[in-house]
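Participant: sequence and predicted structure are below.
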Amino acid sequence: MASKYPPSQDIQPIAALFPHVDPDVIAAIVRHELPGAEIYKLDSRRILESTWNLVEVAMEDSTVSLRAAPFALETYPTLDALLVPLNAYFSMLCVQGLAHGQSALLPCHFFRYSSHLVKIAAQYEWSAVLSYHLAAFARRAKEMRKGDYAGWGRVDMDLMEEFLVPNQKKRLYGTVFSSSSACQSWELIYS
């Protein structure tokens, strides 16, 4: 709802729910300025690690630095390493957004995106999925700064084509989907 945007910067309700997260990180989340590569800061399992500022992502244009890929893979070596802090991030956005007039459907957008990540991680190489996610995250942050959260519920076809389609996982008898069925695979991934 554009009339309720931008939201209040009061982070106390979120800070109370996530006491292990630095208030500056919460403030960056509320302002939609936390880069996707830094959501590991929300993972209570890793909060004591000193791996801050490993990946550079351009928030304005949905690009991922080429030198960022090895560091991103070290920070997020598995889907689990990404989903745990991403779900904390989505929880914070829900608390903030719903308290400030966003649609009750807001959590559905986040659930769809999480489900989408699980599906594509099963079909494409993890490094490609992670690159896709970082680029999609940068796009979503830009949209959210304008009050639009619905992008989390959409598939970024251009990013899928760029990052995922060339990096399908190999099966014992071939690839998951042939390149001629790319459009069908996108439908299957997000159904």
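Facilitator: Arrived safely, thanks for sending. Residues are numbered from 1 along each chain as shown.

Participant: list the helices and strands the helix or strand where Tyr113 lies packs on?
Facilitator: Tyr113 is located in helix 106-123, with elements delineated by DSSP states H and E. If you count contacts as 3 or more CB pairs under 8 Å, 6 or more residues apart in numbering; DSSP states H and E, helix 106-123 packs onto helix 79-99, helix 126-144, helix 182-190. (Glycine included, C-beta is placed from N, CA and C.)

Participant: got the angle for the first one vs helix 126-144?
Facilitator: Read it as helix 79-99. Calculated by axes from the mean of the first three to the mean of the last three CA atoms, to 10 degrees, helix 79-99 forms an angle of 10 degrees with helix 126-144.

Participant: send me helix 79-99 as PDB with only the CA atoms.
Facilitator: Only the C-alpha atoms of helix 79-99 are listed here, as PDB (Å, rounded to 0.1, in the frame of the first residue of the first chain):
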ATOM      1  CA  LEU A  79      20.800 -23.900   0.500                       C
ATOM      2  CA  ASP A  80      20.400 -24.300   4.300                       C
ATOM      3  CA  ALA A  81      23.100 -21.700   4.900                       C
ATOM      4  CA  LEU A  82      21.000 -19.200   2.800                       C
ATOM      5  CA  LEU A  83      17.500 -20.100   3.800                       C
ATOM      6  CA  VAL A  84      17.900 -19.800   7.600                       C
ATOM      7  CA  PRO A  85      19.000 -16.200   7.600                       C
ATOM      8  CA  LEU A  86      16.700 -15.400   4.600                       C
ATOM      9  CA  ASN A  87      13.700 -16.600   6.600                       C
ATOM     10  CA  ALA A  88      14.800 -14.400   9.500                       C
ATOM     11  CA  TYR A  89      15.000 -11.500   7.000                       C
ATOM     12  CA  PHE A  90      11.500 -12.300   5.700                       C
ATOM     13  CA  SER A  91      10.200 -12.500   9.300                       C
ATOM     14  CA  MET A  92      11.500  -9.000  10.000                       C
ATOM     15  CA  LEU A  93      10.000  -7.600   6.800                       C
ATOM     16  CA  CYS A  94       6.700  -9.200   7.800                       C
ATOM     17  CA  VAL A  95       6.700  -7.700  11.200                       C
ATOM     18  CA  GLN A  96       7.600  -4.300   9.800                       C
ATOM     19  CA  GLY A  97       5.400  -4.400   6.700                       C
ATOM     20  CA  LEU A  98       2.200  -5.800   8.400                       C
ATOM     21  CA  ALA A  99       2.500  -3.300  11.200                       C
END
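
Participant: and the helix holding Tyr113, what's buried?
Facilitator: Residues of helix 106-123 classed as buried: 106-107, 109-110, 113-114, 116-117, 120-121, 123 (neighbour count, 16 or more other CB atoms under 10 Å).
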